[in-house]
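Q: Structure for the following, please:
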Amino acid sequence: MTIRHDEQTQTALQYLTWALEAIETVGDQRAAHHARLALEALRESLYRAGDEDATSPTC
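A: Numbers count the residues shown, from 1 in each chain. Alright, predicted model coming up:
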C-alpha cells in the first residue's frame, strides 16, 4: 500500500499526537478517545489517497 506524504496531513497528525499526550496527562478518557478517532481517520485518508494515486492512469 502506498502512502502519500502530504505535508499538511503529517502536520495535523503530529499536532493530534501532541494533543493526545496532553489529554492523557489530564486524564480525560472521552477526549482521548476522540483524539484517537481523529488520528485514525487521518491515517486512513493517507492510505486511501495512496491507493488512488497507485490506480490512477498515467499519461
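
Q: could you give the mean pLDDT of the helix ranked longest in the chain?
A: Secondary structure assigned by DSSP state H gives helix 29-55 as the longest helix of the chain. Averaged across helix 29-55, pLDDT comes to 85.

Q: Any buried residues in it, and which?
A: Within helix 29-55, the residues that count as buried by 16 or more other CB atoms under 10 Å are 32, 35, 38, 39, 46, 49, 50. Backbone N, C-alpha and C define where each C-beta goes, glycine included.

Q: Could you give the number of residues near the nearest residue to the first one once chain neighbours are set aside?
A: The shortest distance from residue 32 to any residue that is not its chain neighbour, by CB to CB, 6 or more residues apart in numbering, is 4.8 Å, and that residue is residue 23. Residues contacting residue 23 under the criterion other CB atoms under 10 Å number 19.

Q: For residue 10, see how far away residue 23 is.
A: Computed as CB to CB, to the nearest Å, the residue 23 to residue 10 distance reads 20 Å.
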